[in-house]
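# Would you be able to build a 3D model of this:
(2 chains)
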2 protein chains.
Amino acid sequence: MAGTMTSSSVGIVTPRRAQFSEALRLACGRVLQNYELVYETYGSLNAERSNAILICHALSGHHHAAGYHSPEDRKPGWWDECIGPGKPVDTNHFFVVSLNNLGGCHGSTGPTSINPETGQVWGPDFPALRVRDWVHSQARLADYLGIECWAAVIGGSLGGMQAMRWALLYPDRLRHCVVIASALKLSAQNIAFNEIARQAIQADPGFAGGHYLREETLPAQGLALARMVGHITYLSDDAMANKFGRDLRSGSLELGGEQGAEFQVQSYLRYQGSQFSGSFDANTYILMTRALDYFDLAREYGDDPVAAFSGARCSFLVLSFSTDWRFSPRRSREIVDALIATDRPVTYAEIQADGGHDAFLMPIPRYLQLLAAYLQRVRSESDAA
Amino acid sequence: MAGTMTSSSVGIVTPRRAQFSEALRLACGRVLQNYELVYETYGSLNAERSNAILICHALSGHHHAAGYHSPEDRKPGWWDECIGPGKPVDTNHFFVVSLNNLGGCHGSTGPTSINPETGQVWGPDFPALRVRDWVHSQARLADYLGIECWAAVIGGSLGGMQAMRWALLYPDRLRHCVVIASALKLSAQNIAFNEIARQAIQADPGFAGGHYLREETLPAQGLALARMVGHITYLSDDAMANKFGRDLRSGSLELGGEQGAEFQVQSYLRYQGSQFSGSFDANTYILMTRALDYFDLAREYGDDPVAAFSGARCSFLVLSFSTDWRFSPRRSREIVDALIATDRPVTYAEIQADGGHDAFLMPIPRYLQLLAAYLQRVRSESDAA
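Okay, here's the model as predicted:
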């Protein structure tokens, strides 16, 4: 952290745990008798309990969105650019809640937890989850924290899907829904990339049918490959070109082969893959990509997004990024079109950025300005509430 | 074949083998003392030897481009839509040569061949190849067949790179160069996808460091994964959406998980992957993707495509497909811009097609018309020659 924590940082934060003993019936029909959620909060809940914001994380995210866990931390939380005093999600005014979703591998109950019925690690037997299961469990966390209605629910990518599902499942429990770089459902191409990621994990002998913890093996290469596939699809072609071009890390273009040259982009991907595979659980990755694949906001509304949003009562901010080809601006405009047709208040912006899907995690000035301006409005309302 | 062979088919063809005993010095510095190329020909060489066309294959292609090997064959050669009597590459007029490239796994000398120095299968020790090595070996095949100058050299994707390299290395030995869905060099994103494919193969324990033939193992899952990655990038998002949408093959959207639903696109990819892994050599796949990654037409011309093409003496047809995101129309326009700046005669068309990169293998009417019209011109010239 040395020297990087400024007055705009939430500083040192300590994750907390909430235990839930009321059974949670899941979309798959199975029931979790009890579970824990790990979460962090930044800022203070006001007396009216009207200034709470929920942050929903994406595929490989977790509860640690802002600040530092210890003075030795080299990096802050994953959305520290956006959350803090004076930042777009301004903790001088908002009480921000960020959790690790059910099924995660950063402290909340998931595949690495012990199944109380067997005394063994859940592993691949952990129930399949859908986005709505996360939303229901987040609603219980809101109850636990005494938050009747969120000032805003915010999420990017898979997090945006949770935010939209909130608007449909609990229309009276959020005033604003912020959907960043997301979509009403995945395309066949999106699903295909996730399928390759899952197959790479499952093909690794270390996966052991998902029982790698019990077998004391690890599908490290498979998980690294899965991450590499994801990583390419999160970056734009231009961003990769700018970052690496065709620069060589070693060797010459003539020699090539096993002993020869290597492009920068190759070693970068390998590094990213191996970093990830040391810190993420393979069963969680499979579970979360499946939740992503199966998400389809309008399915039970006759495949009509307008019908789906007709029950929503909040206002919406929808943001997309020009070079995001995994969740392209076209997919965000589908959300916006449906909201307009439903007469929901909606603000939309397509932000010029060369970062691809990953742009939603980057400190792009116009992006931060738009978020800040929108949340200033949210704040005026919650002050008035 | 039953019932599918019409008067527009070249009919039953028999692959031939050409042996070369003059040493071939490769770009990597190593020398192949002797090698074999397997090839097919369609149509007849005229007395002037002016009507010969060379077909260069792409990543996973081979010599069998048209016709059938036996009456029992269910499918014809890979470019049968384009090659035959009355077809764009009209075998009533042209003598068409199609070979399996050096390093291939369909009969030409490659990683599955015996290294005469060791008496063992080459495997991963087969020399690294560059596109220019293929061109030099193809030039020797031309010598062997008595063809001094090709009426045209034609290739799509990696094949287009060979065609362009021909124009630079042997400017007097081709009159026309047809470059379809290709590029001057790969982007970092292209390389990244190839890297994932190679890593998937190499991570498979069956790969055995490339010695799977000797060890009697097979990296079947790794090769299948590699093919799946490739396959997604060859199709457009729209093509996948049209072909599969989010249709389920089995199960329900709620159940999911291992025992639950499966999207059509998943089972399609798995099928494609397993088909491929049963018919293609893993070391060849690695070798060919590396040749693709390292191809950079203008590198030794000061990275200036105009300088590169300034030695070319043939005319060019360049074709691209609107939804090809692996080798986008923008990449073809870079070729065209350089040719225009060099005052080379060039015809360019971007063909509207939703098939992505794979469109170059599809019978798209406008595509076939353009090819046919251009080759009609080539034919008039070769008749006049």
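# Now for the residue minimising distance to the centre of chain A: which residues touch it?
Nearest to the geometric centre of chain A sits A:A58, at 1.2 Å (C-alpha atoms, centre = their mean). For A:A58, the contacting residues are A:155-159, by C-beta atoms under 8 Å, 6 or more residues apart in numbering or on different chains. Any C-beta I mention is one placed from the backbone N, CA and C, and that applies to glycine too.
# For the buried ones among those residues, write the corresponding ChimeraX selection.
Buried residues among these (16 or more other C-beta atoms under 10 Å in any protein chain shown), as a ChimeraX selection:
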select /A:155,156,157,158,159
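# Quick one: the contacts of A:A58 as TSV, columns for secondary structure too.
Formatted as TSV, the contacts of A:A58 follow (DSSP: H, G, I helix; E, B strand; the rest coil):
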residue	secondary structure
A:G155	strand
A:G156	strand
A:S157	coil
A:L158	helix
A:G159	helix
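# Out of the contacts of A:A58, flag the one nearest to A:G245.
A:S157 (27.0 Å; C-beta to C-beta).
# how many neighbours does A:T347 have?
A:T347: 17 surrounding residues under other C-beta atoms under 10 Å in any protein chain shown.
# what comes into contact with the helix or strand hosting it?
According to DSSP states H and E, A:T347 maps onto strand A:346-351. Strand A:346-351 is contacted from outside by A:315-322, A:329, A:332-333, A:336, A:339-340, A:359, A:364, A:366-367, A:370, A:374, using C-beta under 8 Å, 6+ apart.
# buried set for it?
Here strand A:346-351 shows A:346-351 as buried, counting by 16+ other C-beta under 10 Å.
# if we can go back for a sec, backbone dihedrals for the residue nearest to the centre of chain A, both of them.
phi -90, psi -170 (degrees, to the nearest 10).
# just A:Y35 next, same as before
phi -160, psi 160.
# thought A:S322 was touching A:A353?
Yes. With contact defined as C-beta atoms under 8 Å, A:S322 reaches A:A353; the gap is 6.1 Å.
# Between the two, which is the more surrounded one?
Between A:S322 and A:A353, counted using other C-beta under 10 Å, the more crowded position is A:A353 (20 against 16).
# For that one, give its distance to A:Y144.
37 Å (C-beta to C-beta, to the nearest Å).
# about what we covered before: could you check how far the strand holding A:T347 is from the centre of its chain?
20 Å (C-alpha atoms, centre = their mean, to the nearest Å).
# what about stretch A:29-39, near chain B?
Yes. Stretch A:29-39 comes into contact with chain B (C-beta under 8 Å from any C-beta of the partner chain), by way of A:G29.
# So which bits of that stretch are buried?
Result for stretch A:29-39 [16+ other C-beta under 10 Å]: buried residues A:30, A:32, A:35-39.
# Can you list which of these are found in strands?
Filtering these for membership in strands, criterion DSSP state E, returns A:32, A:35-39.
# shaky segments in the stretch 251-385 of chain A?
For the stretch 251-385 of chain A, applying pLDDT under 70 flags the ranges A:251-261, A:384-385.
# ok, 80 please
A:251-262, A:382-385 (pLDDT under 80).
# for the buried residues of strand A:346-351, which one is nearest chain B?
A:E350 (17.8 Å; C-beta to the nearest C-beta).
# which one is A:E215 nearest to, not counting chain neighbours?
Distances taken as C-beta to C-beta, 6 or more residues apart in numbering or on different chains put A:A208 closest to A:E215, at 4.3 Å, once the chain neighbours are dropped.
# picking up where we left off before, adding pLDDT, write the ones in strands among the buried residues of stretch A:29-39 out as a markdown table.
Supplementary listing: these in a markdown table, determined by pLDDT from 0 to 100:
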| residue | pLDDT |
| --- | --- |
| A:L32 | 96 |
| A:Y35 | 97 |
| A:E36 | 98 |
| A:L37 | 98 |
| A:V38 | 98 |
| A:Y39 | 98 |
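# could I get those as CSV with distance to B:Q199?
CSV is the format used below for these (distance: C-beta to C-beta, whole Å):
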residue, distance to B:Q199
A:L32, 36
A:Y35, 36
A:E36, 36
A:L37, 35
A:V38, 33
A:Y39, 36
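# any idea which of these is closest to B:S137?
Using C-beta to C-beta, these come closest to B:S137 at A:V38, 61.0 Å.
# element containing A:V97?
Here A:V97 is assigned to strand A:95-99, by DSSP H and E.
# going on from that strand, what's the next piece of helix or strand?
Trace forward from strand A:95-99 with DSSP H and E and the next one is strand A:114-115.
# On the pLDDT front, check the spatially closest residue to A:D358 that is not a sequence neighbour for me.
With C-beta to C-beta, 6+ apart as the criterion, A:D358 has its nearest non-adjacent residue at 4.5 Å, and that residue is A:Y234. A:Y234 carries a pLDDT value of 91.
# Pull the number of nearby residues for A:Y234.
With other C-beta under 10 Å as criterion, A:Y234 counts 23.
# mind listing what it touches?
Per C-beta under 8 Å, 6+ apart, neighbours of A:Y234: A:326, A:356-358.
# From those residues, which land in helices?
Judged by DSSP state H, the contacts of A:Y234 include no members of helices.
# of all those, which comes closest to B:F295?
Relative to B:F295, and with distances defined as C-beta to C-beta, the nearest of the contacts of A:Y234 is A:G356, at 24.8 Å.
# Check the contact between the closest one and A:D324; I expect there is one.
Yes. Using C-beta under 8 Å, A:G356 makes contact with A:D324 at a distance of 5.5 Å.
# joint contacts of these two?
A:S236.
# quick one: the residue of the stretch 1-150 of chain A found nearest chain B and A:C105, what's the gap?
In the stretch 1-150 of chain A, the residue found nearest to chain B is A:A128; the distance is 3.6 Å by C-beta to the nearest C-beta. Separation of A:A128 from A:C105 (C-beta to C-beta): 16 Å.
# When these two are compared, which one has more neighbours?
A:A128 (24 against 21).
# Checking that one next. Helix, strand or coil?
On the basis of three-state DSSP, A:A128 is classed as coil.
# For the residue nearest to the centre of chain A, which non-adjacent residue is spatially closest?
Per C-beta to C-beta, 6+ apart, closest to A:A58 is A:S157, 4.0 Å.
# again with A:D238
Per C-beta to C-beta, 6+ apart, closest to A:D238 is A:D354, 4.8 Å.
# Now for that neighbour, how many residues are close by?
19.
# Surely it is in contact with A:M362?
No. If you go by C-beta under 8 Å, A:D354 and A:M362 don't touch, sitting 9.8 Å apart.
# how far off strand A:95-99 does the biggest helix by length in chain A point, in degrees?
Criterion DSSP H: the longest helix present in chain A is helix A:365-384. For helix A:365-384 against strand A:95-99, the angle between stretch directions is 120 degrees (axes from the mean of the first three to the mean of the last three C-alpha atoms, to 10 degrees).
# and helix A:365-384 with strand A:346-351, angle?
Going by the same axes, to 10 degrees, helix A:365-384 makes 160 degrees with strand A:346-351.
# just how off-centre is stretch A:17-34 within its chain?
On C-alpha atoms, centre = their mean, the centre of stretch A:17-34 falls 21 Å from the chain's centre.
# how long is it from one end to the other?
With C-alpha to C-alpha, to the nearest Å as the measure, stretch A:17-34 spans 13 Å from end to end.
# what's the answer for stretch A:271-291, then?
27 Å.
# Would you mark the buried spots in it?
Buried, per 16+ other C-beta under 10 Å, within stretch A:271-291: A:272-273, A:276-277, A:280-291.
# ok, and for stretch A:179-190, which residues are buried?
For stretch A:179-190, using 16+ other C-beta under 10 Å, the buried residues are A:179-190.
# Please see if that stretch touches chain B.
Yes. Residues of stretch A:179-190 are located near chain B by C-beta under 8 Å from any C-beta, namely A:185-189.
# cool, and stretch A:103-121?
No. On the criterion C-beta under 8 Å from any C-beta, stretch A:103-121 is out of touch with chain B, staying 11.3 Å away.
# As a check, name the ranges of all strands in the stretch 101-250 of chain A.
A:114-115, A:120-121, A:152-156, A:176-180, A:248-250 (DSSP state E, counting those that start in this stretch).
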